[in-house]
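Visitor: fold the following for me, if possible:
(2 chains)
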Protein chains: 2
Amino acid sequence: MSSTNPHVVWHNTSITRQDRETLMNQRGCVVWFTGLSGSGKSTLANAVEVELHKNGIHTFLLDGDNIRHGLCATPKLLEPQYGETFSQRFGLGFAAEDRQENIRRVGATSQLLVEAGLVVLTAFVSPYRNDRERVREWVTSKGKLGDFIEIYVDTPIEVCEQRDPKGLYKMAREGKIAHFTGITDPYEEPLKPELHLKGDRPLEELKQEVLAFLKQRVAVG
Amino acid sequence: MSSTNPHVVWHNTSITRQDRETLMNQRGCVVWFTGLSGSGKSTLANAVEVELHKNGIHTFLLDGDNIRHGLCATPKLLEPQYGETFSQRFGLGFAAEDRQENIRRVGATSQLLVEAGLVVLTAFVSPYRNDRERVREWVTSKGKLGDFIEIYVDTPIEVCEQRDPKGLYKMAREGKIAHFTGITDPYEEPLKPELHLKGDRPLEELKQEVLAFLKQRVAVG
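Guide: Reported below is the predicted structural model:
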């Protein structure tokens, strides 16, 4: 068939993850920070990203700031545009089922970002072991072993509560927030995280530890 | 406070979209292909991505292949791991509400990929005007005008049905698929797409037209 025949069968050629990684000269992966609210995981993830970026690594950071109004919006945020039925079904609150779906969407999106070749950093409490394990399985099943790096930012709850950067512990203690991890909801510690950091230490030290680990494991930085 | 004091207030420094675009030496955007099943939008999006990639542009392509098992999985896919209640609530079928949420999640993820600095290509039927307009608004409200480029692959349904690459039209005609766009469900044509392509033409011609447009609009390629 001639190429000017519009009915010619079109063959799909696709760009692969490997093509993208080659162009970026790096290996994609997910660096998953987990820990209590106030543990410092978000600050640490940001600090690590800054350092990777300085070293020419293409990165992306997922945290509450960039998903809670979009990908994982609350019912209240969705309702004006989508109506009540829709927003009650798909909007996410803080009940166990909602948190599960929240982490599932974040995990699915992280995998896509890895497929794009990026070093993805995520900073979510992600309190349930099962949910984190499912993300690990999903990411590695679509890619390869080592694509998912779990970093447990293990900061004593007393320290987190003392820091209380958003005043959430105070509100939880006053009963104004239901389902608050560490107070009224459980945090299930990782059993075998790739990195277990005692979080009650200077940021610089934590950052260097993460960077050293990443350098060794994914040859970045 | 000394930097060795673990209770020092940590300041967040963040990498911005602009930082990432500077490192990538490109401008991120969403190139949204819409059209009937069989219109050729997926093949065209792939062909455009290959060309952009050859030119050193960092890209990503979202289509059914990489979202239908993860980000926008069906109830059936979710059920074994998540149970019935969860999968009925969050899993996506083909009813209008499900399609809305499908496009909403894809739009939210596209915006994140743009934030990462990438040129994102999407290939979804996305039959409802409202849903596409909401993605446009979301992407540009988080970024800037011109971040969303809608390309209407306008192929006569007779041609799509004759191609029928997945045998879906046949099944829809036989009543085996409910909610099939163009047969039992409407396709709402874009009123003001950035590019309106008559799809019944050689792939090479369509590809060059898209590339010429992107070159002019987002200074890539």
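Visitor: dump the longest helix seen in chain A to PDB, keeping only the CA atoms.
Guide: Determined from DSSP state H, the single longest helix within chain A is helix A:96-115. Extracted in PDB, the C-alpha atoms of helix A:96-115 (Å, rounded to 0.1, in the frame of the first residue of the first chain):
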ATOM      1  CA  ALA A  96      -9.200   4.500  55.800                       C
ATOM      2  CA  GLU A  97     -10.700   3.800  52.300                       C
ATOM      3  CA  ASP A  98     -10.000   7.300  51.200                       C
ATOM      4  CA  ARG A  99      -6.400   7.200  52.400                       C
ATOM      5  CA  GLN A 100      -6.000   3.900  50.500                       C
ATOM      6  CA  GLU A 101      -7.300   5.400  47.300                       C
ATOM      7  CA  ASN A 102      -5.100   8.500  47.900                       C
ATOM      8  CA  ILE A 103      -2.000   6.400  48.100                       C
ATOM      9  CA  ARG A 104      -3.100   4.300  45.200                       C
ATOM     10  CA  ARG A 105      -3.500   7.300  42.900                       C
ATOM     11  CA  VAL A 106      -0.200   8.800  44.100                       C
ATOM     12  CA  GLY A 107       1.500   5.400  43.500                       C
ATOM     13  CA  ALA A 108       0.000   5.100  40.000                       C
ATOM     14  CA  THR A 109       1.100   8.600  39.100                       C
ATOM     15  CA  SER A 110       4.600   8.000  40.600                       C
ATOM     16  CA  GLN A 111       5.000   5.000  38.300                       C
ATOM     17  CA  LEU A 112       4.100   7.100  35.300                       C
ATOM     18  CA  LEU A 113       6.700   9.700  36.300                       C
ATOM     19  CA  VAL A 114       9.300   6.900  36.600                       C
ATOM     20  CA  GLU A 115       8.200   5.700  33.100                       C
END
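Visitor: in it, what counts as buried?
Guide: A:98-115 (16 or more other Cβ atoms under 10 Å in any protein chain shown). The C-beta positions use only the backbone N, C-alpha and C, and glycine is treated the same way.
Visitor: cool, stretch A:112-132 as well?
Guide: A:112-128, A:131-132.
Visitor: what about chain B: which of these touch it?
Guide: A:112-113, A:115-118 (Cβ under 8 Å from any Cβ of the partner chain).
Visitor: nearest to A:Ala47, of those?
Guide: Nearest to A:Ala47 among these is A:Leu118, at 17.8 Å by Cβ to Cβ.
Visitor: so that closest one makes contact with A:Leu62?
Guide: No - applying Cβ atoms under 8 Å as the test, A:Leu118 and A:Leu62 come out as separate, 10.6 Å apart.
Visitor: distance check, the residue nearest to the spatial centre of chain A against A:Asp65.
Guide: Taking Cα atoms, centre = their mean, the centroid of chain A lies closest to A:Thr122, which sits 2.7 Å from it. With distances taken as Cβ to Cβ, to the nearest Å, A:Thr122 is found 12 Å from A:Asp65.
Visitor: same question for A:Leu214.
Guide: From A:Leu214 over to A:Asp65 (counting by Cβ to Cβ), the distance is 22 Å.
Visitor: what does A:Ala95 give?
Guide: In terms of Cβ to Cβ, A:Ala95 sits 22 Å off from A:Asp65.
Visitor: who's more crowded, A:Leu214 and A:Asp65?
Guide: Remark: of A:Leu214 and A:Asp65, A:Leu214 carries more neighbours, 24 against 12, as counted by other Cβ atoms under 10 Å in any protein chain shown.
Visitor: what helix or strand is the more buried one located in?
Guide: helix A:203-218 (DSSP states H and E).
Visitor: what pLDDT, on average, does that helix get?
Guide: Averaging pLDDT along helix A:203-218 yields 92.
Visitor: then stretch A:48-63?
Guide: The average pLDDT within stretch A:48-63 is 96.
Visitor: just the endpoints, please. Distance across that stretch?
Guide: This stretch, stretch A:48-63, spans 14 Å end to end (Cα to Cα, to the nearest Å).
Visitor: give me the distance from that stretch to the chain's centre.
Guide: 14 Å (Cα atoms, centre = their mean, to the nearest Å).
Visitor: buried stuff in stretch A:146-159?
Guide: For stretch A:146-159, the neighbour count (16+ other Cβ under 10 Å) marks A:147-155, A:157, A:159 as buried.
Visitor: for stretch A:66-79, same thing?
Guide: Quick answer for stretch A:66-79 (16+ other Cβ under 10 Å): A:66-67, A:70-73, A:75, A:77-79.
Visitor: which other residues reach stretch A:161-172?
Guide: A:37-38, A:40, A:160, A:177, A:180, A:182-184, B:7 (Cβ atoms under 8 Å, 6 or more residues apart in numbering or on different chains).
Visitor: buried only: go through these for me.
Guide: A:37-38, A:40, A:160, A:177, A:180, A:182-183.
Visitor: quick one: contacts of stretch A:119-126?
Guide: Contacts of stretch A:119-126 (Cβ under 8 Å, 6+ apart): A:26-37, A:41-42, A:44-46, A:48-49, A:52, A:57-64, A:102-103, A:106, A:110, A:113-114, A:132, A:181, A:187, A:214, A:218, A:220.
Visitor: in which helix or strand does the residue nearest to the residue nearest to the centre of chain A when sequence neighbours are not counted reside?
Guide: Nearest residue to A:Thr122, sequence neighbours excluded (Cβ to Cβ, 6 or more residues apart in numbering or on different chains): A:Leu62, at 4.6 Å. Element membership for A:Leu62, per DSSP H and E: strand A:59-63.
Visitor: who's in contact with that strand?
Guide: Counting by Cβ under 8 Å, 6+ apart, A:42, A:45-46, A:49, A:52-53, A:106, A:109-110, A:113, A:118-124, B:14-15, B:20, B:112, B:115-116 sit against strand A:59-63.
Visitor: which element follows the longest helix of chain A toward the C-terminus?
Guide: Later in the chain than helix A:96-115, the nearest helix or strand by DSSP H and E is strand A:119-123.
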